[in-house]
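Trainee: What follows is a predicted protein model with its sequence.
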Amino acid sequence: MALFLAAPFLGAAMVAIWLQDFQSPVYLARRVGRNGAPFWMFKLRTMIPNADRNGVDSTSMSDPRLTRVGRIIRKVKIDEIPQFINVLIGDMSLVGPRPNVETETRYYTAVEQRMLNLRPGITDISSIVFSDLNQILKSSTNANLDYSRYVRPWKSRLALLYVDCASLDLDIKLILLTALAAISKSRSLQFLQLIVRELGGDEQLCRIVARQEALPTFPPPGRDTIVTEDEIRRGN
């Protein structure tokens, strides 16, 4: 139903992408799914062709690989809609930890590995909290490093909270809050903060969910030290 309703917008976006450089508007992104099994995730292409070959996994809005049309498409999240195809295939669920690239999951801590116990989803708690990831990394000179220091620690903790508390009731709430975030993200975060607190999230995590203060650096779950630049340079 979602694909049917979004068909006109997808069609217009695909034409705009194709007219820009006459290359395929569809991008197959290799991601890691449940139990570490790789799969191809459907997306609309928002970057120049072969942009994924330079080894940069995190993207900011200032990334020169983004096309003019791609910036607009990313801003309104149309590029994510084709992932409903992955739901139909069975690679993904509507709600679940967001799938990551192999280079990132390869260096998960033992604690973070638990995120792979569930089928990845189109949305989850962190998808709402960090829906502005491109803006967070906008002025970054090392997107992979800043992602690992400022975003990954909290994103993983929120995903693990979902893994421990997954339920149909929670899924319905997250789907509704994802829709609300498109209208009012601040309102959606207020409700989400209450949910995270009810699920047992500590006060620091609840403050992160509120997104009313700068993101602090923090170690990923399962380790005591913050990711260093040398680790990123060596492949984390």
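Mentor: All right, it came through fine.
Trainee: Now do the SS call for Ala214.
Mentor: Following DSSP: H, G, I helix; E, B strand; the rest coil, Ala214 is assigned to coil.
Trainee: so what's the backbone phi/psi at it?
Mentor: In terms of degrees, to the nearest 10, the main-chain angles of Ala214 are phi -60, psi 140.
Trainee: Repeat that for the one 3 residues further on.
Mentor: Geometry field for Thr217 lists phi and psi as phi -70, psi 150, criterion degrees, to the nearest 10.
Trainee: Can you report how many residues lie near it?
Mentor: 11 (other Cβ atoms under 10 Å). Backbone N, C-alpha and C define where each C-beta goes, glycine included.
Trainee: Equivalent analysis for Gln212, please.
Mentor: Neighbour tally, Gln212, other Cβ under 10 Å: 10.
Trainee: Against Phe130, how distant is it?
Mentor: Relative to Phe130, Gln212 is positioned 14 Å away (Cβ to Cβ, to the nearest Å).
Trainee: Can you name the residues in contact with stretch 209-221?
Mentor: Here stretch 209-221 makes contact (Cβ atoms under 8 Å, 6 or more residues apart in numbering) with 109, 111-112, 125, 129, 136, 148-154, 156-158, 160, 189-190, 192-193, 196, 201, 207-208, 225-227.
Trainee: Would you map the helices across the chain?
Mentor: 2-21, 68-75, 83-89, 102-105, 125-129, 133-136, 143-146, 152-165, 168-181, 185-198, 203-210, 229-233 (DSSP state H).
Trainee: Low-confidence ranges, the protein, go.
Mentor: Residues of the chain meeting the criterion pLDDT under 70: 52-62, 235-236.
Trainee: swap the cut-off to 90 and go again
Mentor: The chain contains residues with pLDDT under 90 at 1-7, 9, 20-22, 46-80, 103-104, 106-107, 132-144, 182, 228-236.
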